[in-house]
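Colleague: When you get a sec, could you give me coordinates for this:
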Amino acid sequence: MKTSLAAAAAAGFLLALAFPPFNLDFLAWIAFVPLLCVLEQDGTPGRAPFYGAAFGIAFFMLDMNWIYSTLVTHGHFGAVPAVLTFLALIFMLAAFPAGFASAVAVCGRRGFSVFLTAPFIWTGIEYIRAVIFSGFPWDLAGYSQAGRLHVVQIADITGIYGISFLLLLVNGAAADLIQSVAQKKRPRLLMLGIAVLIAVSAIMYGQVRILEFSPASPSGESCPIGVLQGNIPQEMKWEARTRELTFSTYERLGAAAVREGARLLIWPETSVPVLFGTRDPDTQQPGRISEILGVPMLVGAPYCETVDGNDYYYNSALLMDGVNLTGRYDKIHLVPFGEYMPLSWLLPLGPGIAAREADYSPGHFMTVLSVPGCVPFSVLICYEAIFPDLARAALANGAQLLVNITNDGWFGDTGAPYQHLAMAKLRSVENRVWLLRSANTGISAAFDPAGNMVTSIPLQKEGYFVVTVPRAGRAGSFYCSFGDIFAWLCVAACGCMGLWCFITRDRQRIGYIAGH
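Modeller: Residues are numbered from 1 along each chain as shown. As a prediction, this is how the structure comes out:
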């Protein structure tokens, strides 16, 4: 069993290496093979969960090691509490691969091949992880292929889950082939052929879609938009003495962008280190800068609203046109422990790490913002970029452009900013829409509807860019219109396999009793 546990853990490490910062994305096509082979050889219901857990612990510990440094640096956790919190999260997340392994093992005992079960079960469990308990869809398997544009184009039909399914299909076929050779059985070449055919078809589809959305010089009406990255360190941005540096930096970058023709400027999440809705005189600074530069600006800032004598705090995106506040979006999907403390009524531990005065309150709907001469757009604030439903809701409300403002300064020089960027990129492919990303310390970028990175600003660098977004651009896709149908089909397939396993178990039990 020790050897099998080691093989399962090695599989988890291989999958982690497919993600940033390692970027060995080809490993995702074979990473699951050791785990699947172990489940075929020794996948008893009693042992399978441990193999899946070993896989999950290895994957999440390497892939999400940045959580520990964030807790220590910005959460001010001591070393021991940070380690315990990190491990608690890892063990909770490892429960999902453990469930996957258990399900594959049970189905295997009823005669199902891993080639048939693994893609459906893994995809179904990923979907559950993405939605249960507010959801945590960080680095689903399919995101490992974000740099392979030919592979990810199927996301406009299946969402990110179709890419995960494709990876598991190939892994399952490879594991089945290896097991057949090891057991000196005739290889089931049909399964391998089906996997190759589906993979090739997906890549050919990707090629066609990339050509359809090939980069070209904007024709007709278009809107030049300036994206700013001030690179204000997280540990400095809320100090009173840094305010002037913040405003002067963004005014200087904005002026440079306006000289290049920008008609709208985008600042990152909470880039304005002032609580709006209060009497703080510095809340007037963004309006003053907008008036001086002569263009509207979208700025990220905390916002306080008093209702019936109670103060409510929001993580907001504010649209300023001179001194006038013309639009506001309040973040809907908040980060647990970061922007609010779950179960605070039971454990009064104070506000989340990122909340300053008190826990943030969630917004209620995806606002569509507009400025003259530009396409209507909606904002995804930070963590919201990894939730496909929010992007779909924005387009359903009439947005034709997605703007992701974020503050990845929490993560420092780790893999997290690169992982976050890759996940945001998939929203442009899924919905066939332009996505502009403004990050406090990076990585800021612009993606076209095929997921091409048109331009970017590196991590921990000050800078700006101006990108021209076509006003007559098409937005929307099958996935945008119909959502996670593919994921639901995978969940339904899992239910059917589970029902079959339950029925055949009863039949075996009845046969056993009758024989005695």
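Colleague: for the stretch 201-350 of the chain, what spans make up the strands?
Modeller: Taking DSSP state E, counting those that start in this stretch as the criterion, the stretch 201-350 of the chain contains strands spanning 222-229, 264-266, 297-307, 310-321, 324-330.
Colleague: what's the most buried one of these?
Modeller: Highest mean neighbour count of the strands of the stretch 201-350 of the chain: strand 264-266, a mean of 28 (counted as mean count of other C-beta atoms under 10 Å). All C-beta atoms are positioned from the backbone trio N, CA, C, and that covers glycine.
Colleague: Quick one: residues in contact with that strand.
Modeller: 223, 225-228, 254, 257-258, 290, 293, 295-298, 371, 374, 403, 405, 436, 438 (C-beta atoms under 8 Å, 6 or more residues apart in numbering).
Colleague: Quickly run through the sheet partners of it, with directions.
Modeller: Using DSSP bridges, strand 264-266 pairs in its sheet with strand 222-229 (parallel), strand 297-307 (parallel).
Colleague: now this protein, which segments are flagged as low pLDDT?
Modeller: Where the chain drops to pLDDT under 70, the residues are 214-220, 338, 340-358, 472-474, 505-516.
Colleague: In it, which residue is most central in space?
Modeller: Nearest to the mean C-alpha position of the chain, counting by C-alpha atoms, centre = their mean, stands Ile386 at 2.8 Å.
Colleague: contacting residues around that one?
Modeller: 137-138, 420, 423-424.
Colleague: Apply 7 Å and report the result again.
Modeller: By C-beta atoms under 7 Å, 6 or more residues apart in numbering, the contact list for Ile386 reads 137-138, 423.
Colleague: Lys185 now?
Modeller: Shown in contact with Lys185 (C-beta under 7 Å, 6+ apart): no residues.
Colleague: Three-state assignment for it, please.
Modeller: What DSSP: H, G, I helix; E, B strand; the rest coil gives for Lys185 is coil.
Colleague: and it, how far is that from Gly409?
Modeller: Using C-beta to C-beta, to the nearest Å, we find Lys185 at a distance of 55 Å from Gly409.
Colleague: With Gln460 instead?
Modeller: In this view, Gln460 and Gly409 are 9 Å apart by C-beta to C-beta.
Colleague: anything in contact with each of those two?
Modeller: Each of Thr441 lies in contact with both Gln460 and Gly409 under the rule C-beta under 7 Å, 6+ apart.
Colleague: Out of these two, name the residue with the larger neighbour count.
Modeller: Gly409 (24 against 16; other C-beta atoms under 10 Å).
Colleague: Could you confirm that one falls within a helix?
Modeller: Yes - applying three-state DSSP, one finds Gly409 inside a helix.
Colleague: count of residues packed around the spatially closest residue to it that is not a sequence neighbour?
Modeller: Using C-beta to C-beta, 6 or more residues apart in numbering and skipping the chain neighbours, the partner closest in space to Gly409 is Gln234 (3.6 Å). Counted with other C-beta under 10 Å, the neighbours of Gln234 add up to 19.
Colleague: gap between Gln234 and Thr85?
Modeller: Counting by C-beta to C-beta, the separation of Gln234 from Thr85 is 19 Å.
Colleague: Ok, Tyr51 next?
Modeller: 26 Å.
Colleague: Which helix or strand contains Pro97?
Modeller: Under the criterion of DSSP states H and E, Pro97 resides in helix 79-109.
Colleague: Let me see the contact set for Ala301.
Modeller: Ala301 sits next to 270, 272, 274, 276, 316, 318 when contact means C-beta under 7 Å, 6+ apart.
Colleague: Which residue is the nearest non-sequential neighbour of it?
Modeller: Val272 is the one closest to Ala301 (C-beta to C-beta, 6+ apart), at 3.8 Å.
Colleague: Identify the residues contacting that neighbour.
Modeller: Residues in contact with Val272 (C-beta under 7 Å, 6+ apart) are 286, 299-301.
Colleague: 10 Å instead, please
Modeller: Contacts for Val272 (C-beta atoms under 10 Å, 6 or more residues apart in numbering) come out as 237, 243, 246-247, 250, 282-283, 285-286, 297, 299-302, 316, 318, 320.
Colleague: Near Gly12, how many residues? Count them for me, please.
Modeller: Neighbour count for Gly12, taken as other C-beta under 10 Å: 27.
Colleague: Is it correct that it falls within a strand?
Modeller: No - using three-state DSSP, the assignment for Gly12 is helix, not a strand.
Colleague: What spatial separation is found between it and Leu93?
Modeller: Per C-beta to C-beta, Gly12 is found 11 Å from Leu93.
Colleague: ditto for Thr306
Modeller: Distance, Thr306 to Leu93, using C-beta to C-beta: 38 Å.
Colleague: Please tabulate the contacts of Ile386 in CSV, including the columns secondary structure, distance to Asn171 and neighbour count.
Modeller: Shown next, in CSV, are those (DSSP: H, G, I helix; E, B strand; the rest coil; distance: C-beta to C-beta, whole Å; neighbours: other C-beta atoms under 10 Å):
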residue, secondary structure, distance to Asn171, neighbour count
Pro137, coil, 20, 17
Trp138, coil, 21, 19
Met423, helix, 21, 22
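Colleague: Identify, from those residues, the entry nearest to Met453.
Modeller: Met453 has its nearest neighbour among the contacts of Ile386 in Met423, at 13.7 Å by C-beta to C-beta.
Colleague: can I assume that closest one is in contact with Ala146?
Modeller: Yes - counting by C-beta atoms under 10 Å, Ala146 is a contact partner of Met423 at 7.4 Å.
Colleague: which of the residues in stretch 62-78 are buried?
Modeller: Of all the residues in stretch 62-78, those buried under the rule 16 or more other C-beta atoms under 10 Å are 62-64, 66-72, 74-75, 77.
Colleague: Please render the strands paired with strand 264-266 as a markdown table that adds distance to Gly46 to the earlier fields.
Modeller: Shown next, in a markdown table, are the strands paired with strand 264-266 (distance: least, C-beta to C-beta, whole Å):
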| stretch | distance to Gly46 |
| --- | --- |
| strand 222-229 | 52 |
| strand 297-307 | 51 |
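Colleague: Phi and psi next, for the residue nearest to Gly409.
Modeller: With angles defined as degrees, to the nearest 10, Gln234 sits at phi -60, psi -40.
Colleague: so what's it up against?
Modeller: 70, 73-74, 270, 354, 407-412, 440-441.
Colleague: Next one: it from Gly442, what distance?
Modeller: 12 Å.
Colleague: got it, and Gln419?
Modeller: 13 Å.
Colleague: what is in contact with these two at once?
Modeller: Common neighbours of Gln419 and Gly442 (criterion: C-beta under 10 Å, 6+ apart): Asp408.
Colleague: three-state assignment of Thr455?
Modeller: Assignment for Thr455 (three-state DSSP): strand.
Colleague: which element is the residue nearest to it when sequence neighbours are not counted on?
Modeller: Nearest non-adjacent residue to Thr455, counting by C-beta to C-beta, 6+ apart: Phe465, 4.7 Å away. Per DSSP H and E, Phe465 falls inside strand 463-470.
Colleague: Only C-alpha atoms, please: export that strand in CSV.
Modeller: Provided in CSV are the C-alpha atoms of strand 463-470 (Å, rounded to 0.1, in the frame of the first residue of the first chain):
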residue,chain,number,x,y,z
GLY,A,463,3.0,50.6,-16.2
TYR,A,464,-0.1,51.1,-18.4
PHE,A,465,-1.3,50.1,-21.8
VAL,A,466,-4.0,51.3,-24.2
VAL,A,467,-6.0,48.7,-26.0
THR,A,468,-8.6,49.3,-28.7
VAL,A,469,-11.8,47.3,-28.2
PRO,A,470,-14.2,47.1,-31.3
